[in-house]
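**Q** mind looking at a prediction? Sequence and model below.
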Amino acid sequence: MDPHDIIEHRPIENRSTVRRMDGLPRIEFRSSTFAWLFQSGSGWIILVLAVAVIAGGSYAGYWWQTLAVLTVVLSVFIAWTHIENRTSLFWIDDQRLFMRRGILMRSEEEVELYRIKDVKVSFSIIQQMFDNGTIQISSSESSGRLASVGPQPRTTIEVTNVRDARAIRAELRDRVEAIRQKRGVREFDIG
């Protein structure tokens with residue numbers, strides 16, 4: 001008897017089409033290292049400070065040593081931030097917001113779309129020029145960081161330096177409303 005006969009063979013469903021309603025495409029987004037470094041105020045401050053440190057080291061006669069140390073420190077910091085951003089992924093399907101985060105220890109969470117209370121996008125002056133921003137999602141789900149306590153605690157999920165944040169907010173808001181209407185869910189805040 002062939003050992004391959006023991007395994008039950010059946011077609012594998014494509015995971016991207018398993019929970020689809022109405023043919024809505026999956027939308028993925030994450031923090032962008034490029035947007036953080038070159039299209040945000042904090043990134044510009046880091047770059048200006050790096051130039052100031054190099055200028056100070058050059059003035060003191062230690063320009064190449066200063067440049068070498070600064071290059072190593074900034075490279076490690078930027079590389080770590082890039083790895084954090086690449087290993088964190090957020091996506092929206094027709095019913096849920098999924099979050100996958102972590103470098104060494106990974107976590108995967110999901111929030112039902114009908115439980116999302118508010119979606120806020122904030123922009124610094126520099127982020128406005130490049131249309132990236134910070135998306136803050138407030139939910140009655142227990143995932144994320146606790147934003148309020150009481151009889152109905154809310155949690156907040158924050159994703160910084162997201163490209164095209166306005167469009168993602170609009171799409172998320174539309175999907176939340178559609179799933180609420182489909183399920184007949186109404187939002188009531190007591191207190």
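**A** Structure's in. What do you need?

**Q** quick check: Asp118 touching Thr155?
**A** No - counting by CB atoms under 8 Å, Asp118 does not reach Thr155; the two are 11.5 Å apart. For the C-beta atoms, the positions are set from N, CA and C on the backbone; glycine is no exception.

**Q** which of these two has more neighbours?
**A** Shown here are Asp118 and Thr155; by other CB atoms under 10 Å, Thr155 has more neighbours (19 against 13).

**Q** the more buried one bridge partners, please.
**A** Beta bridges link Thr155 to Ser139, Leu146 when assigned by DSSP bridges.

**Q** got the contact list for the residue nearest to Val185 when sequence neighbours are not counted?
**A** Sequence neighbours aside, Tyr114 is the residue nearest to Val185 in space, at 4.6 Å (criterion: CB to CB, 6 or more residues apart in numbering). Going by CB atoms under 8 Å, 6 or more residues apart in numbering, Tyr114 touches 176, 179-180, 183, 185.

**Q** and what about Tyr114, helix, strand or coil?
**A** For Tyr114, the assignment made with DSSP: H, G, I helix; E, B strand; the rest coil gives helix.

**Q** tell me the average confidence for stretch 157-173?
**A** Mean per-residue pLDDT for stretch 157-173: 91.

**Q** and that stretch, what's buried?
**A** 157, 159-163, 165, 168-169, 171-172 (16 or more other CB atoms under 10 Å).

**Q** next step: the contacts of Tyr114 restricted to helices.
**A** Those of the contacts of Tyr114 mapping onto helices are 176, 179-180, 183, per DSSP state H.

**Q** is Thr66 located within a helix, as I assumed?
**A** Yes - judged by three-state DSSP, Thr66 forms part of a helix.
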